[in-house]
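Chemist: Mind folding the following:
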Amino acid sequence: MAGRSFNDIGQYPVFPWVLADYESQSLDLNDSRTFRDLTKPVGALNPDRLAQLIERYNSLDGFPEEQKFLYGSHYSSPGFVLYYLIRQEPFTSMHITLQSGRFDVADRLFYSIAETWKSCLTSTSDVKELIPEFYTCPEIFLNTNDFDLGTTQSKIKVHDVQLPPWAKGSAHEFVRLHRLALESDYVSKNLHHWVDLIFGYQQRGEEAAKAHNIFHYLSYEGAVDIEKISDDIDKNAIESHVANFGQCPSQILTKQPHPPRHPRPSWRPICQELSKLKDLRVFTPKKQFGGYQGSEANGAVLSIHPMSSCCVVIYGDLSIGTYRWAATSSGNRSASSFSFKMQSLRTLGSRKMTLNGEVFNAIYPLSASLATRKDEFADRNGRLSMGNWSFAVLLGGAAKDAQRRRQASSRTKVGEVPLSTLEASSYIISSGYVDNSIKCHTLDTLQQKDSSDGGHRSGGINCISADDEEFICTGGVDGTVRVFVAGHDEVSQALADGYVKTSSSSASSSTATSKIVQLVHVCFGHQAPITCISVSSDLDVVVSGSQDGTICVHSLRRGRYLRKIHARHFYLQKKYFDATRAQKSVGIRKIALDRHGKIIVHLNDGMLHSYSVNGAVLCGADAGEKLNCMKLCADGEVLVTGGESSHVVIRQTWDLSVRCVLDLTSHGPITDIALTPSSSDSAHQYILIGTSDGRVTVIGENNTEEEDDDRSESGMAYLDAN
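Modeler: Here you go, the predicted model:
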């Protein structure tokens, strides 16, 4: 944006300081005094300093009017980027090069956030803003490479960055809270003023003078035509100034103020306000395809896939139930209602799912579940039976692109797209077949459109995961992760690596282009069967867990191995130290990944571990049961789990402590959890719970009720005493 790029430290992206409180023990994001005044540049935040700068500005009599400046330094420069990122390569080496082969003196290094903020408020030569990593990358505050950064004149050893008290000594907690501050109501209402100063009409000219936002004239784009300067000395001096002393971004809005951010959309994620969890309500619609004697669908609910206007439910007998889903809001924002009506029930074309003696289907009693019938998640060969990990439902990539273009031109909401259109463009991806294939069926007719052997050399496919885009990932007994692209030939051809192209060279070009699901990467790193997998196209990563307690992270679009995390090493951390557990490998049972890079895994011994995508240990807790499913919601702040105890447990993710428990023991063990998407035309998000009795239960907030004369069963949420 505006010419800024992560590939050029002279034009590095710039982010604002949003907080003004770096001393309190707790952070109150509802208090406006916590925040910086975003209507002013950093240099104008302190009235006393501003008075000094104005006095200096007025004394610049020998300068032409267009060359006079209020601030001699800049808010964004290569030096400031290296100042913030000094602890991480390659910026460490770049800093050393800039300082003639050594680190700068310790007093001038970045060692305290509070001191840096104080300098930005008081120094006449320090008006720097922040960089994006302050909101995304905790590692920039940690001296993980153990560089010797020296000692200040105050005898302070420079190592990790000193954090505000409210961060509780954790760089990850600082970034989490800092990101929440950036997304707070106060910042949302005022950020457009800062945009005007940096990118908009107050960047230069008369409006900039009124806002006290005047920098050295060479920092502005187009201030001089370098090609017209004939003197080499002058030309080199100007180029050096532009390259080293900071540049303003391209001015995007030249005449009109940037509009304020629109009020928060009517839709908001469930469990966003932890103080209101006690208001959650539980509803089990009576009219369903399964869940009662003589019902059309038999077996437990294996998998739930809510879409904008429908919900796909897969049962233990491989019947596919489609429900018309609609959620609306009344005039009162706190009240909402939903409709969950039976639409159609069909049987998946192939019923030859794997039958290894543990298959989870209708031949078992409705009250039975996989978790209660076996002690281990996988058999002796590392093979998993059928469950929520065996299915995915997604809109084909090309169809999604076409729908986006149609919506952009017609301003049609996703929720207004006809149900028939969504069904016709959607695919059910399934695994667990005796031929070790993954199959693609259309959602509207369940016609098989594609079948792929999956590429796993032995033992077949254990689990499957898909994101909201076109990517599908599978984990196999052979310990490999396979990345597929569904319904998008151009993307698959662009991403396919040499290994895949070589192995598929014998296939004809006509066959390759006719396939809906196409293999693009084979990812190695595990030495045991993979038991769970999660994918994020936003982060461009796929995370997988295996039977030997290993977690591997690979890049999604390139298929590159990034890192390996051993779950047993969790117990080498000082807070959780346990020498016995640190020597024992326990299999990974479930895995969840949020868009900010937080990984939460559930182990076969019942433990929950939380890691960053870079492998840092964050926290842990004992789940007290074996979980069959878990979902992250509320932008990764809340974890919802369900398992053999028949309780829905809601935890806060920064310490994995329990905040709320919902009792569903009347329906048996929980088999799947799903969240309604943000594309639905509703003010509220809902949690859909599948249970072993074949029923779907809906969890909503506040005054939620079902739009049906035949009222559903309802239950109350209760707070866990722990």
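
Chemist: can I assume residue 81 sits in a strand?
Modeler: No - according to DSSP: H, G, I helix; E, B strand; the rest coil, residue 81 belongs to no strand; its state is helix.

Chemist: In contact with it, which residues?
Modeler: Residue 81 makes contacts with 9, 12, 91, 131, as judged by CB atoms under 8 Å, 6 or more residues apart in numbering. For the C-beta atoms, the positions are set from N, CA and C on the backbone; glycine is no exception.

Chemist: mind listing what the residue lying closest to the third one once chain neighbours are set aside touches?
Modeler: Which is residue 91. Among residues not flanking residue 91 along the chain, residue 85 sits closest, at 3.8 Å (CB to CB, 6 or more residues apart in numbering). Neighbouring residues of residue 85 by CB under 8 Å, 6+ apart: 91, 131, 133, 140.

Chemist: So for the chain, the centremost residue is which one?
Modeler: residue 595 (0.6 Å; CA atoms, centre = their mean).

Chemist: Tell me if I'm right that it and residue 541 touch.
Modeler: No - with contact defined as CB atoms under 8 Å, residue 595 does not reach residue 541; the gap is 10.4 Å.

Chemist: low pLDDT regions in the stretch 551-700 of the chain?
Modeler: Residues of the stretch 551-700 of the chain meeting the criterion pLDDT under 70: 679-683.

Chemist: now the helices: where do they sit in it?
Modeler: 579-582 (DSSP state H, counting those that start in this stretch).

Chemist: Tell me which stretches of the stretch 251-400 of the chain form strands.
Modeler: Counting by DSSP state E, counting those that start in this stretch, the stretch 251-400 of the chain has strands at residues 281-284, 301-306, 310-315, 319-329, 336-347, 391-395.

Chemist: Just want the angle from the fourth one to strand 310-315.
Modeler: So the one you mean is strand 319-329. Strand 319-329 runs at 150 degrees relative to strand 310-315, counting by axes from the mean of the first three to the mean of the last three CA atoms, to 10 degrees.

Chemist: Ok, the second one next?
Modeler: With the same axes, to 10 degrees applied, the angle from strand 301-306 to strand 310-315 works out at 170 degrees.

Chemist: Output the contacting helices and strands for strand 301-306.
Modeler: Helices and strands touching strand 301-306, as assessed by 3 or more CB pairs under 8 Å, 6 or more residues apart in numbering; DSSP states H and E, comprise strand 310-315, strand 391-395, strand 670-675, strand 687-691.

Chemist: Tell me the strands beside it, with direction?
Modeler: Take DSSP bridges as the rule and strand 301-306 pairs in its sheet with strand 310-315 (antiparallel).

Chemist: Mind jotting down where the strands sit in the stretch 551-700 of the chain?
Modeler: 561-566, 588-593, 598-603, 607-612, 617-622, 627-633, 638-643, 647-652, 657-663, 670-675, 687-691, 696-700.

Chemist: Which positions in the first one come out as buried?
Modeler: Think strand 561-566. By neighbour count on 16 or more other CB atoms under 10 Å, the buried set for strand 561-566 is 562, 565.

Chemist: Parallel or antiparallel, which strands does it pair with?
Modeler: Strand 561-566 sits in its sheet next to strand 550-555 (antiparallel), going by DSSP bridges.

Chemist: Cool, thanks, talk later.
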